[in-house]
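> would you be able to build a 3D model of this:
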Amino acid sequence: MNIKLTVFFDDPFWVGVFERTDEGMLETSRVVFGSEPKDYEVYSFVLQNYSRLCFSCPVKVDGSEERKINPKRIQRLAYRETQETGVGTKAQLAMKLEHEARKLENKKHSKERKEETERIKFEKKQSKKKEKQKGH
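Next up, the predicted model:
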C-alpha cells in the first residue's frame, strides 16, 4: 500500500488530498484544512483522523512495478513534488468519478421524493373529490 498526501491552497482554503494506491487501485479523499496548516498539525491530523477518512471508489491505474530507487533520486523527486502545486490527474479523475456518483445518487433520491409528494397530492385530490360526491 502506498499513501500520499498533497496539501495545496485552493482559494480561499487550504486543502489536503490523500491518495491511496493498493494493488493497482487508486482511492482518494479530500480534506479542507481552512487556514494554512503547520507540519505538526498535518501530522497530528493524519494520526487522529486517517481511519475516519472517506475514500472514493477504487479506480484502476496503470502503475509500474515498484523497484528500488536511488536515495538521491528520491530527494530530487521530493523536491520537485514540493515545488509543484495542485493534485495529480489520477487523483482528480478519482474525485471526479466520486462526485458524479454522488450526483447521480442525489438525483435519484430527489426524483423519488418528488414522485412521492406528487402521489400524496393526487391521493388528497381524489379523497377530496369523493367527499364532494358523498355530500351530493
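
> quick one: least confident helix or strand in the protein?
The weakest-scoring helix or strand in the chain, judged by mean pLDDT, DSSP states H and E, is strand 59-60 (a mean of 81).

> give the other helices and strands that it contacts.
Here strand 59-60 touches strand 25-34, helix 89-135, going by 3 or more Cβ pairs under 8 Å, 6 or more residues apart in numbering; DSSP states H and E. For the C-beta atoms, the positions are set from N, CA and C on the backbone; glycine is no exception.

> which one of these has the most crowded surroundings?
Across the helices and strands packed on strand 59-60, averaging neighbours per residue (mean count of other Cβ atoms under 10 Å) puts strand 25-34 on top, at a mean of 17.

> and for that one, what's in contact with it?
7, 13-21, 41-42, 45, 49, 53-61, 90-91, 94-95, 98 (Cβ atoms under 8 Å, 6 or more residues apart in numbering).

> next SSE downstream of the least confident helix or strand of the chain?
Remark: after strand 59-60, the chain's next helix or strand is helix 71-83, criterion DSSP states H and E.
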